[in-house]
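J.: Turn this into a model:
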Amino acid sequence: MFLLGHSCWSYLISKLTGRQLQVNLPAWLAFLSGILPDFDIYFRPILAHHTWTHSILILLPISLLLSIRFGRLGIAFSTGILSHLLTDSLVGTIPILYPFSNIAIGLNLGIPSIADTTLETGALLAVLLLAYNNKDYLQLTRPNKKSLWLIVPLYALITISVLFAGDNGISLASFAFSRKALTLITIGHAILAGLLTLGVLQGTRAVISTMRHPKPAEPNNPTPAPTPTTKP
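T.: Prediction:
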């Protein structure tokens with residue numbers, strides 16, 4: 001699955017898990033969690049893509065450690081990470097027991113394919129609905145310092161796509177419009193990147209506003225309130 005689907009499905013799964021656990025996982029972490037297993041691309045050729053970071057033997061212990069360390073937030077974040085294996089196994093296969101076995105499992109519905117395009121673009125639409133419902137959309141419409149963190153999944157979305165294309169000798173422009181299914185997914189990537197960029201701009205506005213209009217410092221030794229006296 002492409003990064004559009006991974007980031008959107010991880011947002012949906014981790015945010016809904018967080019709702020059940022009564023914790024609010026930040027939007028940037030919800031988007032980022034599903035992209036993390038593809039960070040192996042940053043470490044080529046030391047790590048081969050789609051091997052170590054796509055094995056349940058690696059990701060499950062990491063998820064358990066995160067859940068123990070960060071509690072309910074860690075559980076919600078971990079479901080986003082594990083969603084990567086689920087979505088990849090739907091449209092392709094994953095080396096679930098790597099490095100002890102090269103056996104690959106999955107439905108292998110195809111990528112690109114009608115199934116993959118439906119899963120990825122459908123997830124984007126679902127994200128828009130959920131973000132409106134849980135008020136995350138406000139990070140795109142109002143200055144908010146927390147919105148600046150959206151630069152992390154935005155950076156990952158762009159750089160991983162460029163690195164993957166470069167490593168495989170693929171022209172992103174020609175690849176994106178080579179088939180109708182890929183064109184739709186490319187448009188979806190552009191929409192998601194645009195929304196994340198909008199959030200980053202709102203975060204930047206909030207930081208600049210704070211720098212221009214800093215809050216007055218509180219006095220170090222405030223005058224104590226007078227002690228009430230009792231009448232004889």
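
J.: CA only for contacts and neighbour counts going forward, please
T.: Fine.

J.: Contact partners for the closest residue to L66 other than its chain neighbours?
T.: Spatial nearest neighbour of L66, excluding adjacent residues (CA to CA, 6 or more residues apart in numbering): G74 at 5.0 Å. Contact analysis of G74 by CA atoms under 8 Å, 6 or more residues apart in numbering lists 63, 66-68.

J.: What of K146?
T.: 139, 203.

J.: Could you measure from it over to I191?
T.: According to CA to CA, to the nearest Å, K146 and I191 sit 21 Å apart.

J.: just H49 next, same as before
T.: H49 sits 26 Å away from I191, going by CA to CA.

J.: May I see the contacts of G74 organised as CSV, with secondary structure added?
T.: Below are those laid out as CSV (DSSP: H, G, I helix; E, B strand; the rest coil):
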residue, secondary structure
S63, helix
L66, helix
S67, helix
I68, helix
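
J.: Now that you've got these, can you turn the buried subset into something I can paste into ChimeraX?
T.: Selection of buried members from the contacts of G74 for ChimeraX, criterion 16 or more other CA atoms under 10 Å:
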select :63,66,67
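
J.: for the contacts of G74, which one is nearest L29?
T.: Nearest to L29 out of the contacts of G74 is L66 (CA to CA; 13.1 Å).

J.: Enumerate every residue touching the closest one.
T.: So L66 contacts 74-75, 78 (CA under 8 Å, 6+ apart).

J.: wait, doesn't G18 sit right on R72?
T.: Yes. The pair G18 / R72 is scored as a contact, 7.3 Å apart, by CA atoms under 8 Å.

J.: Might you list the low-confidence residue ranges for this protein?
T.: Filtered on pLDDT under 70, the chain yields the residue ranges 166-178, 216-232.

J.: Measure how far whatever helix or strand H189 lives in is from the centre of its chain, please.
T.: Using DSSP states H and E, H189 sits in helix 180-212. With CA atoms, centre = their mean, to the nearest Å as the basis, helix 180-212 stands 13 Å off its chain's centre.

J.: mind listing what L107 touches?
T.: Taking CA under 8 Å, 6+ apart, we find L107 in contact with 89-93.

J.: make it 10 Å
T.: Going by CA atoms under 10 Å, 6 or more residues apart in numbering, L107 touches 87-94.

J.: ok so, going back, neighbour count winner among H49 and I191?
T.: Taking neighbours as other CA atoms under 10 Å, H49 and I191 compare with H49 leading, 18 against 14.

J.: tally of neighbours for H50?
T.: With other CA under 10 Å as criterion, H50 counts 18.

J.: Quick one: classify it as helix, strand or coil.
T.: Here H50 is recorded as coil under three-state DSSP.

J.: Look up how far G194 lies from it.
T.: Distance of H50 to G194, given as CA to CA: 27 Å.

J.: Show me the helices in this protein, by range?
T.: Counting by DSSP state H, the chain has helices at residues 3-21, 27-33, 56-91, 114-133, 138-141, 151-167, 172-176, 180-212.

J.: May I see these organised as a markdown table, with distance to F43 added?
T.: Listed next are the helices of the chain as a markdown table, based on distance: least, CA to CA, whole Å:
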| stretch | distance to F43 |
| --- | --- |
| helix 3-21 | 17 |
| helix 27-33 | 18 |
| helix 56-91 | 16 |
| helix 114-133 | 26 |
| helix 138-141 | 32 |
| helix 151-167 | 10 |
| helix 172-176 | 21 |
| helix 180-212 | 23 |
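
J.: Many thanks, I have nothing further to ask.
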